[in-house]
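Following is a predicted model, sequence given first.
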Amino acid sequence: MSSLPISIQLYTVRDLTAKDFAGTMKKIAAIGYKNVELAGFGNLKTAAEVKKALDDAGLKPSGIHAGIDSLNSDLNKVMDDCAAIGIKNIICPWLPDERRKGAEVWKKTASELNAAGKKCVAKGFEFAYHNHDFEFHKIGNQTALDILWENTEPGVVKSELDVFWVKFAGVDPVSYMQQLGKRCILVHLKDMNNANDKKFAPVGTGILDFKAICDECTKLGVKYGIVEQDDCYGADPLEAIKVSLENLKRLGMT
């Protein structure tokens, strides 16, 4: 099986980066990660500081999460920061409750994402949307995510598919990846401890079939598989991401 480049979403270690971004990057690199996906700058203030911290740790940026408000009001700064750090993938990670109120609201958000995506593509970036489970809720005969995909251009708004949330919504992650096809450019690798309480778990310790998921990533040419664990429930997040990476290596991923 071909290798899938692996990254780590820094939201997993947000409490650590809030205190010491640069030191946390070195710890992540020591575990064996080569790439990171940003979710804010932690205790750093500027893109230049972030770039230096990544360079000093020998890490490369695989992408950045940028909220819809930033995309609508400050996209030029987001893109300038990405250019300074060396980021090529910009991802909208979340939609607040008021943007989930029916088909027309979803169509309006889709239009805004498409407009932001066009500006990103024009500047040489890739633009993607990251799902949770609420996008799989039905609005009439469609899911909200169906509406979003139908009202955005496939070459403009891509998918960063979070397999945990797909599974949480009762959908098979591999089947959905196949449905998305080449629109799926990034995949969040996140496990679920069991089907009852559906808690987050290190990759390879729960119920998701990561061999099948990683095989499909390879078939689709996914750019990065990105480890994330939203909540470590009091455990050391660095230990959790270490377990995830070790288990991915056993599957032939690097």
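Structure received.

Need the phi and psi values for V187.
phi -130, psi 130 (degrees, to the nearest 10).

when you give positions from now on, start the count at 888
Taking 888 as the first residue, the last one we looked at is V1074.

I'd assumed M1064 was in contact with it.
Yes. Counting by CB atoms under 8 Å, V1074 touches M1064, with 7.3 Å between them. All C-beta spots, glycine's among them, are computed from the backbone N, C-alpha and C.

Which one of those two is surrounded by more residues?
For V1074 versus M1064, neighbours defined as other CB atoms under 10 Å are more numerous around V1074 (26 against 23).

so what sits against both of V1074 and M1064?
L1048, I1100, C1104 (CB atoms under 8 Å, 6 or more residues apart in numbering).

Sort out for me which of those are in helices.
Judged by DSSP state H, helices contain the following of those: I1100, C1104.

between the shared contacts of V1074 and M1064, which is nearest S957?
Lowest distance from S957 to those (CB to CB) belongs to L1048, with 21.8 Å.

what residues are up against the closest one?
So L1048 contacts N1018, P1060, Y1063, M1064, L1067, C1071, L1073, V1074, H1075 (CB under 8 Å, 6+ apart).

Most neighbours among these, please name it.
Using other CB under 10 Å as the neighbour test, those are led by V1074, with 26 neighbours.

With A1122 as the reference, measure out to that residue.
From V1074 across to A1122, the span is 24 Å (CB to CB, to the nearest Å).

ok, now R987?
31 Å.

now do L941
L941 sits 25 Å away from A1122 when distances are taken as CB to CB.

Just want to know which of these two has more residues nearby.
L941 (23 against 12).

What are the boundaries of the helices in the stretch 938-1087 of the chain?
955-960, 962-972, 990-1009, 1031-1037, 1050-1055, 1060-1067 (DSSP state H, counting those that start in this stretch).

closest to N930 out of these?
helix 962-972 (16.1 Å).

Show me what the closest one is in contact with.
So helix 962-972 is contacted by 925, 934-935, 937-938, 941, 948, 951, 953, 957-958, 974-975, 977, 1003, 1006-1007, 1010, 1012 (CB under 8 Å, 6+ apart).

Kindly recompute the last result at 6 Å.
Helix 962-972 has contacts (CB atoms under 6 Å, 6 or more residues apart in numbering) with A934, V937, K938, P948, A953, S957, A1003, K1006, K1010.

List the residues that contact the first one.
A934 is in contact with D968, A971, I972, counting by CB under 6 Å, 6+ apart.

now with 10 Å?
Contacts for A934 were tallied using CB atoms under 10 Å, 6 or more residues apart in numbering; they are 925, 928, 951, 964-965, 967-974.

what do you get for the fourth one?
Counting by CB under 10 Å, 6+ apart, P948 makes contact with 894, 897, 922-925, 937-938, 941, 969, 972-976.
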